[in-house]
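Colleague: Dropping the sequence and predicted coords here.
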Amino acid sequence: MSDSPFPSDEGGTPSSFRPISFWRLAYKELRETLRDRRTLLTLFLMPLIVYPILSLLLQSFFLSGLPTVADEDSVEERLSDDEFAYVFEGEQPLNNVAKSLNDAFINFNAARNRQETAPSNTANLSPDELALRENLFAKHSLIWVDPQKEQDMQEMMTNGEADVGILIDNLEDSDGENKGLQFTLLYLDNDVRSLKALALMENILNYNNISIYQTLLQRLTGRRVIRVPVSIETETIELKTKTDATTGISFAAIIPLILTLMTITGAVYPAIDLTAGERERGTLESMIAAPIPRMRILQGKLVAIVSVAMLTAIVNLLGMGITLWVYRDVATEFLGEQLLTIGTAARVLGLLILFAAFFSSVLLVITSFARSFKEGQAYLIPVVMVALAPSLMSLKPDLQLTGIWTVTPLVNIVLLARDVLNGTAVWQNAIITVLSTAVYSSLALTLAAKFFGTASVLYGQDQGIGTLFKKPLHKQDQASVSLGMLCLACLYPATFLWNGVLARTAVADASGAEIIDAAAQQYLLQKQLWLASAGLVIVFLLVPWALASFHRVRFRSGFGISKTSVVALLAGVLMGIGFGPLLLQAISWSTQALDFAGLSDQATSDLLVQRGEQYVERIKQAPIWMLLLSMAIVPAICEELFFRGLLFRSLRTELSPWRTILATAILFGTFHLISAGGLTISRFLPTTIMGVILGWVCYRSGSVIPGILLHAIHNAITVCFAYYRDDLIELGQITAEQENVPIPVLALGAICAFAGILLLIFFTKPPTDQDLDEDVILVRPPEIDGVGS
Amino acid sequence: MIRVENLTKIFETDTIDFNAVDNLTFQVRPGEVYGLLGPNGAGKTTTMRMVLGLMQPTRGFAEVEGFRSSESPDEVKRRIGFVSATAGIYQWLTVREMLGFFCEMYGLRGSEVDPRVDHVADLLDCRPFLDQRCANLSTGQRQRVNLARAIVHDPPTMLLDEPTLGLDVVSSQVVFDYIRMAQDLKKSIILCTHRLEQAQRVCNRFGLLHQGVLVHEGTLQELQSQTGQQNLVDMFLHMIKQTPAT
C-alpha cells in the first residue's frame, strides 16, 4: 500500500488531513436509517393506514355528536348541522320584532317544505332572489329559542343552547325620532357553529339584501314581517363554560399538538438507533476510534434525525391532508376554511423545522447517555409524556406568548405555532422564541457531545447522566463545560422569573404609590433597586456558586478571580471610560439602523422610549450612589463573575480563546436582549460587542477584575449620563433632541479605549494553551473526557 | 512506534478503587508484533483503549508515532488501525459503502476512495461480497470487513484486540496472513488474543498481563528463561498460579 496518506516514518501533518464534513456523516446516517425497514414502517405505513381509519372513526364520532349540542330540556328539537338556534333579547315592545322574526323563520320553514313538496313558480324571481332563496331555504332552517327568564342570553350561548344571540334596540336620533332598529349579534369565537349561524343571520339582516329579502318574504308569506334594520353590529363572547365536544376545533390550536406528536414520533427511533443502537451494535466504538470530533459526529446525527423527523411529519401531514381532502366536508365543518392552503402549508413547514430541531436535539442529548436501545427507550418515554403537556397548552386560548412563556422550552414554540397559524404572531416574541430555542438546542448538543461516545457510555462504566449531579472526589480549578451549561440553563429562565417578579412589584408599588407621599415613593423606589440588585446577586452569583460548590469547583479559580497586574487594571479603567460613550453611540446607531431597515415597530419603540424616559424620571428620585451601586457596581461584579468567570473558564477547557470570547459574548448579548420592559433588540449588537471586549480583556489579563472595572465604569457613565442629562442640556452641552454622543466626547472615548487596548497588548501576556491544558488535565474527570477534541 | 509509560487506570466505584491497569511500561517498534496476552480481565482491552485515546489514563501516558493519546487523540487515531472483537458493522450498508465511509472518516476523498476500497478488498479477499449488505455476511466475512475497515487509511500502527474471536481456522488464517504482511511493511502492532499457539508464531515479543500488572515481558526465549516454561500456554498457567487472584 504505497499510496498511504501518512509518510510511514512520522505520520501525516495536520494540514494534510481533511476531516469528513458533517453533511457526509449525515448522508451516511440517513442512508442507513432510511434503509431500515422499521423506519420505513413508521414513515409510510402509519400515515397510509392510520389516517383513513382514524378519519372514518372521527367522522362518525363528530356526526353522531352533532345533535347533542344543546340541552334537550331547553331545546325542543334536535338540531342538525344546518339548523341553528338564535336567542333574542330586547325591551318591550321590541320582543314583538323578535316575535315577527320568529314568524318569518317559521314561514321560511313552511315555505321550504312547500318548495320541497311542490316547487312553486320561480319564473318571476330575479337571479339574486333565486340565489338567496336557495341559500335560505335549501340549506338552513332556523329555530327560535325563547329566552328563559332565569338565564341570560350569554349563558344560554355558552351552555350550547343557542348559537347566536341577537340584541335588538331602537335607534333614535337627537329628536327622539325612531330611525329603525339596531341588531347586535353575539357569537362565540372559535365555535364553528356559532360563526356559521352568525354569517347566516348577517346575511339575512344585511341591509343590501333586505329589500330582496322582504320582497321574497312578502311573496311567500303574503305580509311584511320585519322592519328594516339600520345598523348591524357583532360582538364576540368568550367560550368559558361551553365544554361539549362538538363545538368547533381550532385548526391553529390543534396543529402544534400534531406537530409535537409527529416530530417526536419521527425523531424517537433514529435518535435511539443512531446513539444507543450504534453502541449496542458495536459500531459506535469504530466511529469514535476515527479522528473526528465528537461534536461533528453529533452534528451529522442531528441533521439525520431532524431530516427523518421532518420527513415523518411531512408524510404524516400529507396523509392527513389527503384524508381531510377526501372528507373535506367534515373537515371544513370542524376545522374551518383555512385548511389546505399553500400559505398554511408553508407556515407549517417553517414551524416543522423549529419543532424538529428542538425535539431532535433534546432526544439526542438524552439518548447519548443511553448504553442500550432499551435504556434509550426508558429515558424517552417520560420525555414524550412530558412533551405532551406543554403541547396541550396551545388549546388554552387565554395563554399568550409573552414574558416567561417566550423562553419556556417547548411551550414557546407551541404557542408561536398557534399564533403563526392564527396570523397573530408578534415578531419580537417570535424572535425570542426562535433564539431561545436555538440556544436550548445548542446547549443540548453541547451536553450531548460531552457524553456521547465517552468511556462511560461506550463501555458502560458506572457513570452517565448521573455524573452531572455527582459530586467529584477532588477539588476542581474550573467548572466543566457541562456545569457551565447547567448554570446557563438555570440562569436563563431564572432571569426572566426575576424580571417578572420585579415588574409585578413595580406595578403593585405604582398602584399604591398614587395615594402616598413622596418619601414613601422614594422608599418604594429604593426597595426596587435593592430587589434588582438582590436578583442579580442571586441569579448570577449565588446560583452558579451553589452549583460550582456542589461540584467542588474552587471559588477563586473557578470564577477567574486571579491576581493581575496594575497595567491590566489601568487598561480596564481606561477602556471603561472609553467604551462608555462609544457604546452609547453604538446603541443609538443600532436603533437608527433598525428604524431605517424598517425592523422596528414604531409603536413599540415609542413605547420603549416612553417607558425609558419614565424610568429615568423615576430613578432620578433615588440618590446617585444607590443608582451607581445597583446599576453599575453590582451588575458589573455579578455578570463578570459569571460570564467572564465561571462560564468563560469552563468553555475555555474545550474551545479556543476566540471561540470562547465569541460564545460568551453572544450569550451575554442574548441575556441583555430581553429586559423587563420587553424586547430591546437594538441592545443586542452593542452588548455583544461589549461582551467581546470584556472577554478579550479577561483573556489577556487572565482575571475578571479588570473586566469588572471596565464594566462598572461603563455602566456608571451610562447611568450618570441619564441622571445628569437635564443638567447637561441646561449647560448647553447637549440638546434635548440629540440622539448622538457629541464628537469630542466620542473622540476622547476612542483615545481612552485605544490606550487601554495598547496597554493590554504590549504589557500583558495571556495564559498559553499549554498552561490551560495542564490545568485541564489536572481537573478533568478522567473517565469522562479525553475522546475527541 | 508505540510507547507506553507507567500507564495506570483506576476505576473508582462507590466502594473500592479498582486498578484495571497498573503502571504498565513497554514499547513496540516498527515491524514488531507485540503479543499482549493475559487471562480475561487482565487489563488488555483497557490498555488498548487508553493507547487509542478512547479512555483517559489515571496516570502515565501512551504515545503513538510521537503523539500522546491523552493530548492529541485525533492525531493518534489517524495513525492507528483498531480492530476489536466487539466492533460491529453497519447492517444496512453494503461492504463497499461502509469501507467508503470509513475512507472518508480517515480523510480520504473523492477519487481516492474507490481504488482504496478495491485495494483493501483484494487484500483481505472481500471482493466476492463487496456489494452485499453487511447484514447478510457470515461471521468470518464480517470480521474480514472489520479488519478492512481498520486498514483503509493504511495506518502505521495496528491495535488488534481479539481479531480472530469466533472465526474458524480458515478465516483466522486470513487475519494472521495480514499480520505477517503488516509486519513486513514495518508497522507496529499490538495483538491481544487467546489463540496462544498462533500468537507464538506471529509475535516478536510478548507482555504477559495479569490483574493489570505486566508480570513478564520479552521475546519467547526471554520468557522461557524467566518462567522456566517452554510454551505460552504453560507460561500462562504458571503466571496465574503464582499470582493469586485478588
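Modeller: Nice, I can see it. Residues are numbered from 1 along each chain as shown, chains lettered A, B, ... in the order given.

Colleague: and the residue positioned nearest the centre of chain B, which of the three is it?
Modeller: By C-alpha atoms, centre = their mean, chain B has its centre lying nearest to B:Leu160, at 1.8 Å. Under the three-state scheme (DSSP: H, G, I helix; E, B strand; the rest coil), the conformation of B:Leu160 reads as strand.

Colleague: same check, this time on B:Thr8
Modeller: Once three-state DSSP is applied, B:Thr8 turns out strand.

Colleague: wouldn't it be in contact with B:Gln56 here?
Modeller: No: using C-beta atoms under 8 Å as the test, B:Thr8 is too far from B:Gln56 to be in contact (11.1 Å). Bear in mind the C-beta positions are built from the backbone N, C-alpha and C, glycine included.

Colleague: Between the two, which has more neighbouring residues?
Modeller: B:Gln56 (22 against 16; other C-beta atoms under 10 Å in any protein chain shown).

Colleague: if I look at the more buried one, how far off is chain A?
Modeller: Counting by C-beta to the nearest C-beta, to the nearest Å, the gap from B:Gln56 to chain A is 3 Å.

Colleague: and that residue, backbone torsions?
Modeller: The phi/psi pair for B:Gln56 (degrees, to the nearest 10) reads phi -90, psi 130.

Colleague: Test my guess that it contacts B:Ala62.
Modeller: No: assessed by C-beta under 8 Å, B:Gln56 is found out of contact with B:Ala62, at 10.6 Å.

Colleague: Quick check: neighbours shared by the two?
Modeller: B:50, B:70 (C-beta atoms under 8 Å, 6 or more residues apart in numbering or on different chains).

Colleague: my read: A:Val426 touches A:Gln400, true?
Modeller: No: judged on C-beta under 8 Å, A:Val426 makes no contact with A:Gln400 at a distance of 9.3 Å.

Colleague: Neighbour count for those two, which is higher?
Modeller: It is A:Val426, of A:Val426 and A:Gln400, that has more neighbours when counted by other C-beta under 10 Å, with 18 against 14.

Colleague: got a pLDDT number for the more buried one?
Modeller: Per-residue pLDDT puts A:Val426 at 79.

Colleague: Next one: it from chain B, what distance?
Modeller: Computed as C-beta to the nearest C-beta, the A:Val426 to chain B distance reads 45 Å.

Colleague: Which helix in chain B has the most residues?
Modeller: helix B:169-184 (DSSP state H).

Colleague: Report the rounded mean pLDDT for that one.
Modeller: So the average pLDDT for helix B:169-184 ends up being 88.

Colleague: got a pLDDT number for residue 108?
Modeller: This is for chain A. 58.

Colleague: I was thinking of chain B, sorry if that wasn't clear
Modeller: B:Leu108 is given a pLDDT of 87.

Colleague: now do A:Asn113
Modeller: 59.

Colleague: counting contacts, what elements does the helix or strand containing A:Arg418 pack onto?
Modeller: Using DSSP states H and E, A:Arg418 sits in helix A:411-422. With contacts defined as 3 or more C-beta pairs under 8 Å, 6 or more residues apart in numbering or on different chains; DSSP states H and E, helix A:411-422 has these neighbours: helix A:251-272, helix A:342-369, helix A:373-392, helix A:427-451.

Colleague: and it with helix A:251-272, angle?
Modeller: For helix A:411-422 against helix A:251-272, the angle by axes from the mean of the first three to the mean of the last three C-alpha atoms, to 10 degrees is 130 degrees.

Colleague: So for helix A:411-422, what gets flagged as buried?
Modeller: Residues of helix A:411-422 classed as buried: A:411-421 (neighbour count, 16 or more other C-beta atoms under 10 Å in any protein chain shown).

Colleague: cool, stretch A:746-759 as well?
Modeller: Result for stretch A:746-759 [16+ other C-beta under 10 Å]: buried residues A:746, A:749, A:752-753, A:755-757, A:759.

Colleague: Now render the residues you listed as TSV, adding distance to chain B, secondary structure and pLDDT.
Modeller: Listed next are the buried residues of stretch A:746-759 as TSV, based on distance: C-beta to the nearest C-beta, whole Å; DSSP: H, G, I helix; E, B strand; the rest coil; pLDDT from 0 to 100:
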residue	distance to chain B	secondary structure	pLDDT
A:Leu746	47	helix	83
A:Gly749	44	helix	87
A:Cys752	42	helix	89
A:Ala753	38	helix	88
A:Ala755	39	helix	90
A:Gly756	35	helix	90
A:Ile757	33	helix	89
A:Leu759	34	helix	88
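
Colleague: any idea which helix or strand carries residue 200?
Modeller: Looking at chain A here, since you left the chain open. Counting by DSSP H and E, A:Leu200 is part of helix A:192-205.

Colleague: other chain: chain B
Modeller: Assigned by DSSP H and E, B:Gln200 falls in helix B:196-202.

Colleague: Output the contacting helices and strands for that helix.
Modeller: strand B:33-37, helix B:169-184, helix B:232-242.

Colleague: which strands and helices sit next to the shortest one?
Modeller: Secondary-structure packing of strand B:33-37 (3+ C-beta pairs under 8 Å, 6+ apart): helix B:44-52, strand B:188-192, helix B:196-202, strand B:205-210.

Colleague: Contact partners for B:Leu37?
Modeller: B:Leu37 touches B:44, B:192-193, B:196, B:199, B:206-209, B:232, B:236, counting by C-beta under 8 Å, 6+ apart.

Colleague: For the nearest residue to B:Ile179 once chain neighbours are set aside, the count of nearby residues, please.
Modeller: Counting by C-beta to C-beta, 6 or more residues apart in numbering or on different chains, B:Ile179 lies nearest to B:Val202, which is 5.2 Å off, once chain neighbours are set aside. As a burial measure, B:Val202 scores 18 neighbours (other C-beta under 10 Å).

Colleague: I'd say B:Val202 and B:Met158 touch.
Modeller: No: using C-beta under 8 Å, B:Val202 makes no contact with B:Met158, being 12.0 Å away.

Colleague: got any residues that touch both of those two?
Modeller: What both B:Val202 and B:Met158 touch, as defined by C-beta under 8 Å, 6+ apart, is the set B:Ile179.

Colleague: on that earlier part again, buried ones in the helix holding B:Gln200?
Modeller: B:196, B:198-200, B:202.
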